[in-house]
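*Asks:* what would the 3D arrangement of this be:
(chains A and B)
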2 protein chains.
Amino acid sequence: MSNFQWIDYLGLFGAFLSSITFLPQVYKAWTTKSVGDLSSWMIAILLANVSTWLVYGIVKDDFAIIIANSIIMGLSLLMVWFKFSFRKRD
Amino acid sequence: MSNFQWIDYLGLFGAFLSSITFLPQVYKAWTTKSVGDLSSWMIAILLANVSTWLVYGIVKDDFAIIIANSIIMGLSLLMVWFKFSFRKRD
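*Replies:* Numbers count the residues shown, from 1 in each chain, chains lettered A, B, ... in the order given. As a prediction, the model looks like this:
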């Protein structure tokens, strides 16, 4: 079944959804200035995870993986920043 | 470079890290019983994202994608449950 074209679109759709998963979390943290319930370990593992996939995407020359993980990397770094700057207001 | 064997191990390592990303978040939510700062939209998009990748993995017969996304699906459903059951304590 792997030569069906719809599956490639599904993969792109999955990459798109993966990219925007943390967008509402970053938005919520930004508007509430409250990040006390967010796990720092989750953010740390997310950074390791996304870095691994970025290297994978670059070596495999896979544009979808590179783009999706670059976006998630940006959102993760925003969460790191929020975790530090909103600390006193928790 | 795509026939280098190390890149396949890197992909498996990425899949492993992706699987455990939400483990500390679930653990934190469980111990603190506090999920007010977690975005419901993040969890909703995560569920859509993981469902898409599960279908993709099943159609492509990719064991790593199926296993990783099954674990993330389980952790996401735990977060949905926490979001509802810890609501009054926020």
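*Asks:* any idea which residue sits dead centre in chain A?
*Replies:* The centre of chain A sits closest to residue A:72, judged by C-alpha atoms, centre = their mean, with a distance of 2.4 Å.
*Asks:* not counting its neighbours along the chain, what's nearest it?
*Replies:* residue A:50 (4.9 Å; C-beta to C-beta, 6 or more residues apart in numbering or on different chains). (Glycine included, C-beta is placed from N, CA and C.)
*Asks:* do the same with residue A:51
*Replies:* Of all residues not flanking residue A:51 in the chain, residue A:73 sits nearest, at 7.4 Å (C-beta to C-beta, 6+ apart).
*Asks:* distance check, the one you found against residue A:52.
*Replies:* Distance, residue A:73 to residue A:52, using C-beta to C-beta, to the nearest Å: 11 Å.
*Asks:* more crowded one of those two?
*Replies:* residue A:52 (20 against 17; other C-beta atoms under 10 Å in any protein chain shown).
*Asks:* that one against residue B:9, yeah?
*Replies:* No: taking C-beta atoms under 8 Å as the definition, residue A:52 is not a contact partner of residue B:9, at 10.6 Å.
*Asks:* contacts only, for residue A:56.
*Replies:* A:62, A:65, B:7, B:10, B:11, B:14 (C-beta atoms under 8 Å, 6 or more residues apart in numbering or on different chains).
*Asks:* now the lengthiest helix in chain A: average pLDDT?
*Replies:* For chain A, the helix that runs over the most residues, judged by DSSP state H, is helix A:63-85. Helix A:63-85 shows a mean pLDDT of 95.
*Asks:* for that helix, output the C-alpha coordinates as CSV.
*Replies:* Output of helix A:63-85 as CSV, limited to C-alpha atoms (Å, rounded to 0.1, in the frame of the first residue of the first chain):
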residue,chain,number,x,y,z
PHE,A,63,12.3,18.4,4.2
ALA,A,64,9.0,17.7,6.1
ILE,A,65,11.0,16.4,9.2
ILE,A,66,13.4,19.4,9.1
ILE,A,67,10.6,22.0,8.9
ALA,A,68,8.3,20.3,11.5
ASN,A,69,11.1,19.9,14.0
SER,A,70,12.5,23.4,13.4
ILE,A,71,9.0,24.8,14.4
ILE,A,72,8.8,22.5,17.4
MET,A,73,12.3,23.6,18.4
GLY,A,74,11.3,27.2,18.3
LEU,A,75,8.2,26.5,20.4
SER,A,76,10.3,24.5,22.9
LEU,A,77,12.8,27.3,23.3
LEU,A,78,9.9,29.7,24.0
MET,A,79,8.7,27.3,26.7
VAL,A,80,12.2,27.2,28.2
TRP,A,81,12.2,31.0,28.2
PHE,A,82,8.8,31.2,29.8
LYS,A,83,9.8,28.6,32.4
PHE,A,84,12.6,30.9,33.6
SER,A,85,11.0,34.3,33.2
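*Asks:* poorly predicted segments of chain A, please.
*Replies:* Within chain A, the segments meeting pLDDT under 70 span A:1-4, A:88-90.
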